[in-house]
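# Next comes the sequence, and after it the predicted model I'd like to discuss.
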2 protein chains.
Amino acid sequence: MPRRTPVKIDREGSAARRPTIHDVAAALGVSVTTVSLALNGKGTLSEQTRERVIAEAARIGYVAHPMARGLRAGRTHVLALSIRSLDFGGSYRPDGVDHFSRVAGAAAFTALDRGFRLMLVPSSDEPGDEDPRWADGYVIEDPRSNDPLVARLVANGVPVVTIGWDPAHKTRTAWVSNDDQSATRQVLDLLAERGGRDIVFVSGTEPNSWNDVSRKSYRSWAREHGRTPRVYRLPEEGGVEAGAQLASEIIGRPGSPDAVYCQTGRHAGGFARRCQEMGLDIPRDLLIAAGNDAEQARNSNPPITAVDLGAETLGREAVELLADIILEGSTERSRVVSAQLIERASTAARR
Amino acid sequence: MPRRTPVKIDREGSAARRPTIHDVAAALGVSVTTVSLALNGKGTLSEQTRERVIAEAARIGYVAHPMARGLRAGRTHVLALSIRSLDFGGSYRPDGVDHFSRVAGAAAFTALDRGFRLMLVPSSDEPGDEDPRWADGYVIEDPRSNDPLVARLVANGVPVVTIGWDPAHKTRTAWVSNDDQSATRQVLDLLAERGGRDIVFVSGTEPNSWNDVSRKSYRSWAREHGRTPRVYRLPEEGGVEAGAQLASEIIGRPGSPDAVYCQTGRHAGGFARRCQEMGLDIPRDLLIAAGNDAEQARNSNPPITAVDLGAETLGREAVELLADIILEGSTERSRVVSAQLIERASTAARR
DNA sequence: GCTAACGCATAAAACGATTTATGACAATGG
DNA sequence: CCATTGTCATAAATCGTTTTATGCGTTAGC
């Protein structure tokens, strides 16, 4: 006996009832098992039956109920994206939003391409937020060192891909990242080539791999080139103001540098502006470069040389990798995305 | 007979089995019905029983399986966000990303506060993309005129809140928006007050309410003030370049304006830069203002006066409104979010 | 003392798919 | 002619909830 006679009394309500697998089965006079098997390419069915089912399903616009499918099969076809650096101590941080949105946008599109939808999970560090029944896998952007969210997910056996890695546990998850070391050296080489003698490095304070690796690379580069490393650390949240503040403190004093490399674009923007207000000419008196290509770098005057981390590529590759792991059981562990050094007027050759 | 003896043989697999409603029921020796009723605040249960259930659920960390709940109750506890202006003709547009990300970020956080999660739905205009079984409601940012996605959703009886409204059907959905008319007039008043005689208006080409209303407001303002309206329309995708291009075409020619109001921040940034390259001083020779507070406005030199549309507020209010409609059956139709005029050096009084 | 009402809890039927185990029938082999 | 094998399809169990309809004692009403 069929479980329900399919639609005699059609509800008049506003929300139209979508066709179910039973409707397809009934229309063809086959069982729901057959329909499911045909649509999922499983079981042993004659090619002819399979085609008939597929055609009929398309005709009446049948799409499996996502919740029903998720419940039974344990696959939600949802990927979760957690932007760690966006949320800190529970409060929303509107800065740094440029990079985030590019990653999220690209990730969302890529997910769709691979048959997933992307869910935003602002990471509140509260247990329960990472419920594995919601998503088939997680992308975590800029995990912090010893990230608790990552730890819980991994412990629960949920596939995770990080963008950048947890500095305390590089091997715990698959990851996608730039080659931050070579990017850093490339920038420093450029600054040196353009006449930078005393190059100061300004880093952020978040304990993520981008900050870590870049800082280490700067130190070793300085050592190799017989220069004394000078590193400052500015909180990312400080933004443009923090950069300006630092400039006030070190420019025009004894030991004032002739070149600055700020990892954070906003810091670079603020630093540059303050220097100009103090009467310096960029690039004549001071070379300046930024470690990410934020709007502040592009739109400063003069525009600031910057590293384009390829936010879109990072987002896309992270999702691709995650999809490969989930769908194909890939054991790939990491992908390196190439960063692009964009030379602008702030490091132009001095005439 | 209980449906299943709860966990004797614990699977050794990696993915830990989460406790179900049956586990809670068994631990207390009550029925699953009781547990469900207690947890959802329904039915007639003694206060004592209710509390015992709640306590036990908390103790073992029970959280309802989202898919099971979604299937049975028809509520997914998911809100979908579609950024119409981000996707056009199937290709991802990285520009305009600043506003998008702020809206999305704020929306995601607000959704969590109201017990929802936010799903990103890049709107490909393909039927099926808007499957109402995925989300309890939709937020649609900057719908186009006669937006097909909006139409399908409304036809299916899905709750929709738009940010800005569909110019062809303002009453079809609930919406959240700035008061674009008063914002426009405020900017124009400022420009006039600072000595702008010949004020040109530069609009975008997307058929959304922001563009529509602002343009109309400019026209009526001009009429009221006895000035001849001059409107240019630049594609949003053109970005900074388009703005610069336009400046080349109209500045320094006969009828060259002494003030410009570009709706799009990127257009304003490009326009300003090109003017300076042509030897003009801002604000002495030309006043300039932008209709949204993009990075390009903030970081130009001099910084450009701009309208802060309050992206975070728009995202937050849209979700709040949608949640009120879904959760409380609210019949509220619209909320107006106040925009902030931010005066900067580009419209400073001329000495 | 009998019925009605009430308070509290539950059994069982959905929701819409996937998966497992099984069956019907035709063809093949000895 | 019976047993074996293979092909194709299906019935029924299951995933974990919510909801509907029902039951069982106890108290109240007359």
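Looks like it came in fine.
# Could I get the full set of helices for the stretch 1-150 of chain A?
Assigned by DSSP state H, counting those that start in this stretch, the helices in the stretch 1-150 of chain A fall at A:21-28, A:32-40, A:47-60, A:66-73, A:97-113, A:148-155.
# tell me which residues of the fifth one are tucked away?
For helix A:97-113, the neighbour count (16 or more other C-beta atoms under 10 Å in any protein chain shown) marks A:97-112 as buried. To be clear about C-beta, it is placed using only N, CA and C from the backbone, and glycine gets the same treatment.
# Now do the contacts for whichever residue of the stretch 251-351 of chain A sits closest to DNA strand D.
Of all residues in the stretch 251-351 of chain A, the one sitting closest to DNA strand D is A:Ile326 (19.3 Å; C-beta to the nearest atom of the strand). Each residue near A:Ile326 by C-beta atoms under 8 Å, 6 or more residues apart in numbering or on different chains is listed here: A:Asp136, A:Gly137, A:Pro159.
# Now tabulate the residues you listed in TSV and tack on distance to chain B.
Formatted as TSV, these follow (distance: C-beta to the nearest C-beta, whole Å):
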residue	distance to chain B
A:Asp136	11
A:Gly137	12
A:Pro159	10
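# measure A:Asn211 to A:Val231 for me?
To A:Val231, A:Asn211 is 11 Å away according to C-beta to C-beta, to the nearest Å.
# higher neighbour count, these two?
When neighbours are counted by other C-beta atoms under 10 Å in any protein chain shown, A:Asn211 and A:Val231 differ, and A:Asn211 comes out ahead with 23 against 12.
# Local confidence estimate at A:Leu153?
According to the per-residue confidence, A:Leu153 scores 88 in pLDDT.
# So it is in contact with A:Tyr138, correct?
Yes. Here A:Leu153 lies in contact with A:Tyr138, judged by C-beta atoms under 8 Å, at a distance of 5.6 Å.
# Pull the number of nearby residues for A:Arg223.
Going by other C-beta under 10 Å, the residues that sit close to A:Arg223 add up to 11.
# Please report how far the nearest residue to A:Leu190 once chain neighbours are set aside lies from B:Ser300.
Once its chain neighbours are removed from consideration, A:Leu190 has its nearest residue in A:Thr347; the separation is 6.0 Å (C-beta to C-beta, 6 or more residues apart in numbering or on different chains). Plainly put, A:Thr347 is 20 Å away from B:Ser300 if you go by C-beta to C-beta.
# now do A:Ile60
In this view, A:Ile60 and B:Ser300 are 55 Å apart by C-beta to C-beta.
# Of these two, which one has the most company?
For A:Ile60 and B:Ser300, the more surrounded residue by other C-beta under 10 Å is B:Ser300, and the numbers stand at 28 against 11.
# Show the contacting residues for the more buried one.
Counting by C-beta under 8 Å, 6+ apart, B:Ser300 touches A:Asn299, A:Asn301, B:Ala268, B:Gly269, B:Ala272, B:Arg273, B:Ser346.
# Local confidence estimate at it?
We have a pLDDT of 82 for B:Ser300.
# if we can go back for a sec, so how far is the helix or strand containing the residue of the stretch 251-351 of chain A closest to DNA strand D off the chain centroid?
Under the criterion of DSSP states H and E, A:Ile326 resides in helix A:311-328. Centroid separation for helix A:311-328 versus its chain: 10 Å, with C-alpha atoms, centre = their mean, to the nearest Å.
# if you go through chain A in chain order, where are the strands?
Remark: strands of chain A, listed N- to C-terminal, are A:78-83, A:87-88, A:91-92, A:117-120, A:137-141, A:160-163, A:174-178, A:199-203, A:230-233, A:259-262, A:287-290, A:305-308, A:334-337, A:340-342; assignment by DSSP state E.
# Which of those has the highest mean neighbour count?
For the strands of chain A, the stretch with the most neighbours on average is strand A:287-290, a mean of 30; neighbours defined as mean count of other C-beta atoms under 10 Å in any protein chain shown.
# Let me have the helices of the stretch 1-150 of chain A in CSV, extended by distance to B:Gly315.
What follows is these, written out as CSV (distance: least, C-beta to C-beta, whole Å):
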stretch, distance to B:Gly315
helix A:21-28, 37
helix A:32-40, 37
helix A:47-60, 37
helix A:66-73, 25
helix A:97-113, 12
helix A:148-155, 23
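# Would you check which pair of the contacts of B:Ser300 lies furthest apart?
For these, the farthest-apart pair by C-beta to C-beta is A:Asn301 and B:Ala268; their separation is 14.3 Å.
# More neighbours: which of these two?
For A:Asn301 against B:Ala268, the residue with the higher neighbour count under other C-beta under 10 Å is B:Ala268, and the figures read 29 against 18.
# residue contacts, the more buried one?
Under the criterion of C-beta under 8 Å, 6+ apart, the contact list for B:Ala268 reads B:202, B:243, B:260, B:262, B:288-291, B:296-297, B:300, B:304, B:306.
# what bits of the stretch 1-150 of chain A have low per-residue confidence?
A:1-15, A:85-98, A:122-129 (pLDDT under 70).
# Quick check: the residue of it nearest DNA strand C.
Of all residues in the stretch 1-150 of chain A, A:Thr20 sits closest to DNA strand C, with a separation of 2.8 Å (C-beta to the nearest atom of the strand).
# Against B:Thr205, how distant is that residue?
In this structure, A:Thr20 and B:Thr205 are 43 Å apart, going by C-beta to C-beta.
# Tell me which of the two has more neighbours.
A count of neighbours by other C-beta under 10 Å puts A:Thr20 above the other of A:Thr20 and B:Thr205, at 18 against 12.
# wait, isn't that one in contact with A:Val63?
No. In terms of C-beta under 8 Å, A:Thr20 does not count as a neighbour of A:Val63; the distance is 10.1 Å.
# ok, the contacts of A:Ile326 vs A:Glu277, which is closest?
After measuring those against A:Glu277 - C-beta to C-beta - the closest member comes out as A:Gly137, at 48.1 Å.
# The closest one bridge partners, please.
The residues listed as beta-bridge partners of A:Gly137 by DSSP bridges are A:Leu79.
# In this structure it contacts A:Leu322, no?
Yes. Here A:Gly137 lies in contact with A:Leu322, judged by C-beta under 8 Å, at a distance of 4.7 Å.
# what is in contact with these two at once?
When contacts are counted by C-beta under 8 Å, 6+ apart, the set common to A:Gly137 and A:Leu322 consists of A:Leu79, A:Pro159, A:Val160, A:Val161.
# Quick check: the residue of the stretch 251-351 of chain A nearest chain B.
Of all residues in the stretch 251-351 of chain A, A:Glu295 sits closest to chain B, with a separation of 3.1 Å (C-beta to the nearest C-beta).
# What's the separation between that residue and B:Val240?
Shown here: A:Glu295 relative to B:Val240, a distance of 10 Å by C-beta to C-beta.
# Now do the shared contacts for those two.
Contact with both A:Glu295 and B:Val240 is made by residues B:Gln296, according to C-beta under 8 Å, 6+ apart.
# A:Glu320 contacts A:Arg114, doesn't it?
Yes. In terms of C-beta under 8 Å, A:Glu320 counts as a neighbour of A:Arg114; the distance is 7.2 Å.
# higher neighbour count, those two?
A:Glu320 (20 against 15).
# any idea of the pLDDT on the more buried one?
Per-residue confidence (pLDDT) for A:Glu320: 97.
# Which residue is the nearest non-sequential neighbour of it?
For A:Glu320, the nearest residue in space outside its immediate sequence neighbours is A:Thr110; the separation is 6.2 Å by C-beta to C-beta, 6+ apart.
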